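Visitor: Give me the fold of what follows.
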Amino acid sequence: MAVVTTKAIVLSSLKYSDTSLIVKCFTLQEGVKSYMLKGVLKAKRGKLKAAHFQPLTQLLIAANHSNKSSLHSIKEVQVIHPYETIHTSVVKQSIILFLSEILSKIIQEEEENVPLYQYLETSLVWIDTHDEVANFHLLFLLNLSKYLGFYPDTSESDKKAFSLLEGSFTDLVYEKGNLTGKEINLFKSLLGINFDAINSISYSKNDRQTILRIIIKYYELHLEGFRKPKSLDVLETVFS
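Guide: So this is what the prediction gives:
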């Protein structure tokens, strides 16, 4: 067993018995790790508190990592990017819960992935420090696909259709499942931009739902076992 000190982002938190939590984190140094936090729900004076393990909280942890177990333990924890607005905004909370559900499903590897970690870290700080975030999750998911290996090939973006299956532009306008017309224009509006540019794009409620469902379908086609998140309906209700 080794004591590891690492940055970590909370992916999910599951109640275990009346007093404990099982927390899954994406750590900077060792990828995904799960921790058993015994008694954390009743502890009033302990170093670990349940509030530390809200979805997508950014932590610095000192943890015992064992080769013999899939459940590890945390000795010390410190919040390193205390969020100022996420917990007070219904919109931001809904986005965070939605993204944490997706990230918990798709990030599985138990190995270091610094570029992916840094992307999550900077993105979460961005949403906490900006007011106009209605389009954040759209660009977050599309740009996340870079780190998962299936970002759209934009080399022929002047073509009239986009194949979600192939991840590239095509002239096959009538192929089933290809994006054309308004759908392809909405999809293209997100390509190649960063978060600071997202507020210059004006989407209607229907546009936003259309883009999100396109991106979810794109993920379903490129990630084995990926399913529509349960929290998608909640998110759409918030933006309706």
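Visitor: Leaving aside the residues adjacent along the chain, what's closest to residue 124?
Guide: residue 56 (5.7 Å; Cβ to Cβ, 6 or more residues apart in numbering). Where you see a C-beta, it was placed from the backbone N, CA and C, and this is true even at glycine.
Visitor: would the one you found count as being in a helix?
Guide: No: according to DSSP: H, G, I helix; E, B strand; the rest coil, residue 56 belongs to no helix; its state is coil.
Visitor: Hmm, residue 99 and it touching each other?
Guide: Yes: the pair residue 56 and residue 99 qualifies as a contact (Cβ atoms under 8 Å) at a distance of 6.8 Å.
Visitor: for the residue nearest to residue 124, what are its contacts?
Guide: Each residue near residue 56 by Cβ atoms under 8 Å, 6 or more residues apart in numbering is listed here: 9-11, 96, 99-100, 103, 120, 124.
Visitor: what's the closest of those residues to residue 64?
Guide: Distance to residue 64, by Cβ to Cβ, is smallest for residue 10 among the contacts of residue 56, at 17.7 Å.
Visitor: Can I take it that that closest one is in a helix?
Guide: No: going by three-state DSSP, the assignment for residue 10 is strand, not a helix.
Visitor: Please state the backbone phi and psi of residue 18?
Guide: phi -80, psi -20 (degrees, to the nearest 10).
Visitor: What's the local residue count around it?
Guide: By the criterion of other Cβ atoms under 10 Å, residue 18 has 8 neighbours.
Visitor: now it, nearest residue through space, not along the chain?
Guide: residue 41 is the one closest to residue 18 (Cβ to Cβ, 6+ apart), at 7.0 Å.
Visitor: ditto for residue 192
Guide: Using Cβ to Cβ, 6+ apart, the closest residue to residue 192 is residue 154 (6.5 Å).
Visitor: What score does that neighbour have for pLDDT?
Guide: pLDDT recorded at residue 154 is 94.
Visitor: Give the phi and psi angles for the residue nearest to residue 124, as a check.
Guide: Torsion angles, degrees, to the nearest 10, at residue 56: phi 60, psi 20.
Visitor: looking at it, the residue nearest to residue 192 is touching residue 162, isn't it?
Guide: No: between residue 154 and residue 162 there is no contact under Cβ under 8 Å: 9.7 Å.
Visitor: shared neighbours, the two?
Guide: residue 169.
Visitor: who has more neighbours, those two?
Guide: Between residue 154 and residue 162, residue 162 has the larger neighbour count (other Cβ under 10 Å), namely 27 against 12.
Visitor: can you pull the pLDDT of the more buried one?
Guide: Residue 162 is given a pLDDT of 96.
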